[in-house]
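Student: Generate a structure from the sequence data that follows.
(one chain, ligands or ions: 2)
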Amino acid sequence: MQYYTLTGAKRQAIAVHDGETAYDLTSAVDAIESFRDLAHAAHIADTTIDDIARSLFDRATELSVDELQERAACPTTPNEVWAAGVTYHISEKAREAESGMPDVYLDVYEGERPEIFFKATPSRTVGPNDAIGVREDSSWDVPEPELGIVLYRGNIVGYTVGNDVSSRSIEGENPLYLPQAKIYDRCCAIGPCIATPDTVEDPHELEMQMTIMRDEEILFEGSASTSEMVKTCEDLVSYYTRHNAVPEMAVLLTGTALVPDDSFSLQPGDNVDITIEDIGTLQNSVTLV
Ligand code: DO4
Ligand code: MG
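Tutor: Ligands and ions are numbered 1, 2, ... in the order given. From the prediction side, this is the model:
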């Protein structure tokens, strides 16, 4: 099932789409108003999030699918967003090309230990239909479409679409500048929903597409599959949670499979659409930060 956090005039609500009908679960139980509340309830009841949701259907108000899309906000407020890098061949090649120190990227692409880095806090993360940021002190900026793993207490409870917006000029100057290339205001987007593992049967077989528009013109259009990833989601989660007291709710992005040509850089006013099979489309505009 797919879970949407909805903004509203009075309060937020958590809604679910089971493939046929959409339900406002908060209308059934006031105390459940976020994906985290559902995950918490499932944890206490020792059951799945989908089972908790199903148990509320007969008391919940039905919604139209249009309303889900129109009112969709950030699907969860993760305490932390982390990201993996150089998990696809195309990303490894792009990093080698932009860097004066290409060997570090080849070593991590081929190595057993993945590159996993801190990406964002809730204050730096935006949801669907909000603006992602490009830094004013950067000259080369790209969206990075990535499958996001949603974790509750370190366990996989769902998947979302993520955008690891990045400065290639800052990272390319020196790999030690990575935190500045990756972490800044509006550097991360997730959404439009969280699809639970029963809905995403195999996270390693998902088609993804990205389209970048400027003034009604398509500047980039590309597609890839998560089957091209050299690591598994389980591997990435295992390294992220190792010797690391992970927070209650986290998102782990799994690396980019799509890299626009080197001549491309995001500009304020651009629109980025990222679609991942079984999850949906994350749409964001671009602003200067
Ligand atoms: O080492 C740089 C990070 C690469 C990255 O974010 C990616 O491959 O998605
Ligand atoms: Mg990335």
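Student: could you say which helix or strand contains Arg95?
Tutor: Assigned by DSSP states H and E, Arg95 belongs to helix 89-98.
Student: Tell me which other helices or strands that helix touches.
Tutor: helix 103-110, helix 168-173 (3 or more Cβ pairs under 8 Å, 6 or more residues apart in numbering; DSSP states H and E). Using the backbone N, CA and C atoms, a C-beta is placed for each residue, glycine as well.
Student: among those, which is the most enclosed?
Tutor: Across these, averaging neighbours per residue (mean count of other Cβ atoms under 10 Å) puts helix 168-173 on top, at a mean of 20.
Student: what sits up against stretch 70-77?
Tutor: With Cβ atoms under 8 Å, 6 or more residues apart in numbering as the test, stretch 70-77 has contacts from 3-8, 12, 34-36, 122, 125-130, 150, 160, 190-194, 249, 251.
Student: My error: substitute stretch 15-25 in the last question.
Tutor: Against stretch 15-25 from outside (Cβ under 8 Å, 6+ apart): 1-6, 13-14, 26, 32, 38, 53-54, 56-57, 60-65, 67-68, 193, 199.
Student: Please check those and keep the buried ones.
Tutor: Taking 16 or more other Cβ atoms under 10 Å as the criterion, what is buried in the contacts of stretch 15-25 is 1-6, 13-14, 26, 32, 38, 53, 56, 60, 63, 68, 193, 199.
Student: between the helix holding Arg95 and helix 103-110, how big is the angle?
Tutor: Here helix 89-98 runs at an angle of 170 degrees relative to helix 103-110 (axes from the mean of the first three to the mean of the last three Cα atoms, to 10 degrees).
Student: ok, and does helix 89-98 reach over to ligand 2?
Tutor: No - Helix 89-98 is not in contact with ligand 2 by Cβ under 5 Å from the ion; minimum separation 7.0 Å.
Student: Stretch 231-248 too?
Tutor: No - using Cβ under 5 Å from the ion, we find that stretch 231-248 stays clear of ligand 2, coming within 12.0 Å at best.
Student: and that stretch, how far apart are its ends?
Tutor: 24 Å (Cα to Cα, to the nearest Å).
Student: Name the residues of that stretch that are buried.
Tutor: In stretch 231-248, counting by 16+ other Cβ under 10 Å, buried: 231, 233, 235-237, 239-241, 246.
Student: for stretch 123-132, same thing?
Tutor: By neighbour count on 16+ other Cβ under 10 Å, the buried set for stretch 123-132 is 124-132.
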